[in-house]
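Peer 1: just a sequence and a predicted model for now, questions to come.
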Amino acid sequence: MAEREMGNASTQADVILRGGTVLTMDSSRQVISPGSVVIRDKCIAAVGPVGEIDAAYTASTVVDCTDHLIMPGLVNAHTHMPMSLLRGLADDLRLDVWLYGYILPVEREFVSPEFCFLGSLLSCAEMLRGGVTCFADMYYHEEEVAWAAVQAGMRGICGETVMKLPTPDAPSYEDSLAYCADFLEHWRGHELIVAAPAPHSLYMCNADIFKETTALARHYDVPQLVHVSETADEAENWVASTSMSPTRWLEERGVLESKVVAAHCVHVNDEEMHLMARHNVGVAHNPTSNLKLASGIAPVAEMLKIGLNVGVGTDGCASNNDLDLFEEMRLAALLPKGVTRNPLVVPAVEAAAIATIYGARALHLDQLIGSLEAGKRADVIVLRTDRLYSRPHFDTTGLNIYSRLVYTAKSCDVRDVFVNGRAVVRDRVLLTVDERKIMEQADQLAERINRFFVAREKSVLEKLVAIGGLQQQETFEVQAKGIVHDEVAFERALHHPEVRVTQHTSRDQYDTYFIFDDPTQGRLRYREDAVIKPDGSVEPVYNLTLTGPAKEAEYESSVVLSRSRFTAPADRSLRFYREYFQPKAEREIVKHRERYHIRYKGVNFAVNLDRIQQPAQTQLYVEVKSRTWSKQDALRKASLISELLNILGAQPEDLLQHEYVDLFAGN
Ligand SMILES: [Zn+2]
């Protein structure tokens, strides 16, 4: 119980939190009421019944905690602190659309050291007021996160993100790794901050990155933070591409030999959970974020049953949208009950442990924090229990107190917060951060981000650019289209002495056109181009093409100098683009295409013989196209196209001006 120094003279301490209900969260879950907690320097000097502490200790500051709960500070096991500045920016979206469509583009544009410092300070203020004394963060410019936490007087693991893509603070992962090495060295042994590497996730990293981050984590004996199996897709894709579960992959590469904190673990199987338990992997469960992004619900009851160290986290504010650990603690108790239809799983006392001592264990910091025990660091919070919703008080089983904490207490009940022995919140006043100033600065930044987004959302092209991969620049082409009545004549024309076929392919094309409210935005086409190889196998290629609205010019024989076109490989699903671009309408065209590359009078043309399958058409169509770059060039090619159409058997009355999507719009 209390490490008391016996004798008549009482021992001088700094602070005594006196006369509250003390929830120690020690191994026997001892509750002392009325009890006191003694703080001396950075540590808890003693915990015990109020009479014993009164007899043994005096302190310059004695805080009356009558009708209050004294407990360990809450541990937020997973967050991205600077993202508080993106709170409420883009909600009700699927994870991939949210991440690739909104968060990554805005991060590329706005994330700077100043952004990270300000956002972290805002988050620290919110968390401290809500009784959170320790966090595990993953973001960029993590040095700034660390400085903000030190200024706010908060404890944390600051994980510098490493991924194979360029990040806001590193053009390559080698640069991120170099940053990590320097960052870990600089903060080594700091009393509040643990600098750590944070390989973002398996899908955003590679074996090389994990090898380096593991070496760093082991050398400095610090945790490494990683997202694991947040969504079903992510886990399934990993198994499909490596024939191994994500956890097994991490084990085989030696990553689990370091102190790993794995965020989410929503889609992990039994074998993975046992592997994690064997390697003492900490799990950061993020119930609100997983619900909000519809990722699923982690098997927390099973994890606890096999002895996995499970903490609870808020995740970043862009996917939560607050940093309220009371809410997470409550969901950690409620969700497993709903999922397993068993109200006995994750009882309140266990949920309280998840938010404190288990969380500390998950972060590999339980030797320092997580419970109120003499010798541990003084991370202590005091909660009022005199609210309407916290009355009446029962004490029938010894566990009622945990029910009050988990099922009814709120973050606004936090009255005092001590971190590392220092008072950072007293009487609900935050002592370390100028709240008004950071709110003003956050508002100013939000105005800039708002302008950026409003402008972007109006332009399909800018939205296309924002998700990256726009490889092909604007192109122009001259083209003409007509009905082919005689397929045999068409084939024969390809053997015309002046027509040289240089290449021939067969393909099925599945086109989905996105139509927008504003016609000046043009149209976006998602195409699956299934090229049929000589052996009959099919190799689909996916691309996105934005076609501008206006025809630039028309020439003889309905030859059209068409529209600006932007093309990008489509490396995401049609569903992604649909949710991201939110078109007003969609149209589908499916066709079989025989494509010929020909040379006619020294000029290259593409000739397409198209059989439209959806909406089904009885006639065949021919298209002749050529890229062009000047009006002069276009004029010459337009005239050659007229000649070609003639050779190919399309009569002038069969020529068409419109694209298929417009021709068959009514079908
Ligand atoms: Zn996260």
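Peer 2: Noted; the coordinates are in hand.

Peer 1: tell me which residue lies nearest the centroid of this protein.
Peer 2: With distances taken as Cα atoms, centre = their mean, Leu99 lies nearest the centre of the chain, 5.3 Å away.

Peer 1: assumed that one was part of a helix.
Peer 2: Yes: under DSSP: H, G, I helix; E, B strand; the rest coil, Leu99 sits within a helix.

Peer 1: any idea how far it lies from His200?
Peer 2: According to Cβ to Cβ, to the nearest Å, Leu99 stands 11 Å off from His200. C-betas here are computed from N, CA, C, even on glycine.

Peer 1: please apply the same query to Glu212.
Peer 2: 14 Å.

Peer 1: contacts only, for Val47.
Peer 2: Met1, Ala2, Val22, Thr24, Ile32, Gly35, Ser36, Val37, Val38, Leu372, Glu373, Ala374 (Cβ atoms under 8 Å, 6 or more residues apart in numbering).

Peer 1: what residue of the protein is the furthest out?
Peer 2: Most distant from the centre of the chain: Pro497, at 59.6 Å, with distances by Cα atoms, centre = their mean.

Peer 1: buried ones in the helix or strand Arg636 falls within?
Peer 2: Per DSSP states H and E: Arg636 is located in helix 631-648. Within helix 631-648, the residues scored as buried using 16 or more other Cβ atoms under 10 Å are 633-638, 640-642, 644-645, 647-648.

Peer 1: of those, closest to Asp610?
Peer 2: Leu648 (12.7 Å; Cβ to Cβ).

Peer 1: Ala493 is in contact with that closest one, correct?
Peer 2: Yes: the criterion here is Cβ atoms under 8 Å, and Leu648 meets it with Ala493 at 4.7 Å.

Peer 1: OK, contacts around Glu498?
Peer 2: Tyr600, Lys601, Ile647.

Peer 1: how about JSON lines for those residues, with pLDDT added?
Peer 2: Converted to JSON lines, those look like this (pLDDT from 0 to 100):
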{"residue": "Tyr600", "pLDDT": "93"}
{"residue": "Lys601", "pLDDT": "92"}
{"residue": "Ile647", "pLDDT": "87"}
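
Peer 1: so which residues of the stretch 101-250 of the chain form strands?
Peer 2: Using DSSP state E, counting those that start in this stretch, the strands of the stretch 101-250 of the chain run over 132-139, 155-162, 193-199, 223-228.

Peer 1: and stretch 11-29, what's its mean pLDDT?
Peer 2: Stretch 11-29 comes out with an average pLDDT of 98.

Peer 1: list the buried ones in that stretch?
Peer 2: Buried, per 16+ other Cβ under 10 Å, within stretch 11-29: 11, 13-26, 29.

Peer 1: from the middle of its chain, how far away would stretch 641-650 be?
Peer 2: Mean-position distance between stretch 641-650 and its chain equals 54 Å (Cα atoms, centre = their mean, to the nearest Å).

Peer 1: ok, stretch 258-275 next?
Peer 2: For stretch 258-275, the distance to the chain centre is 18 Å (Cα atoms, centre = their mean).

Peer 1: average pLDDT for it?
Peer 2: The model assigns stretch 258-275 a mean pLDDT of 98.

Peer 1: between the two ends of it, how far is it?
Peer 2: End-to-end span of stretch 258-275 (Cα to Cα, to the nearest Å): 13 Å.

Peer 1: surely Tyr532 and His504 touch.
Peer 2: That one is not Tyr; residue 532 is Ile. No: Ile532 lies out of contact with His504 (Cβ under 8 Å); the separation is 11.2 Å.

Peer 1: possible to save the strands of the stretch 101-250 of the chain as TSV with mean neighbour count?
Peer 2: As requested, those are arranged in TSV below (neighbours: other Cβ atoms under 10 Å):
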stretch	mean neighbour count
strand 132-139	30
strand 155-162	30
strand 193-199	28
strand 223-228	27
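
Peer 1: switch the ones you listed over to TSV; also include mean pLDDT and distance to Glu174.
Peer 2: As requested, these are arranged in TSV below (pLDDT from 0 to 100; distance: least, Cβ to Cβ, whole Å):
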stretch	mean pLDDT	distance to Glu174
strand 132-139	98	19
strand 155-162	98	10
strand 193-199	98	13
strand 223-228	98	17
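
Peer 1: tell me which of the ones you listed sits nearest to Arg593.
Peer 2: Checking these against Arg593 by Cβ to Cβ gives strand 223-228 as the closest, at 42.0 Å.

Peer 1: thanks a lot, see you next time.
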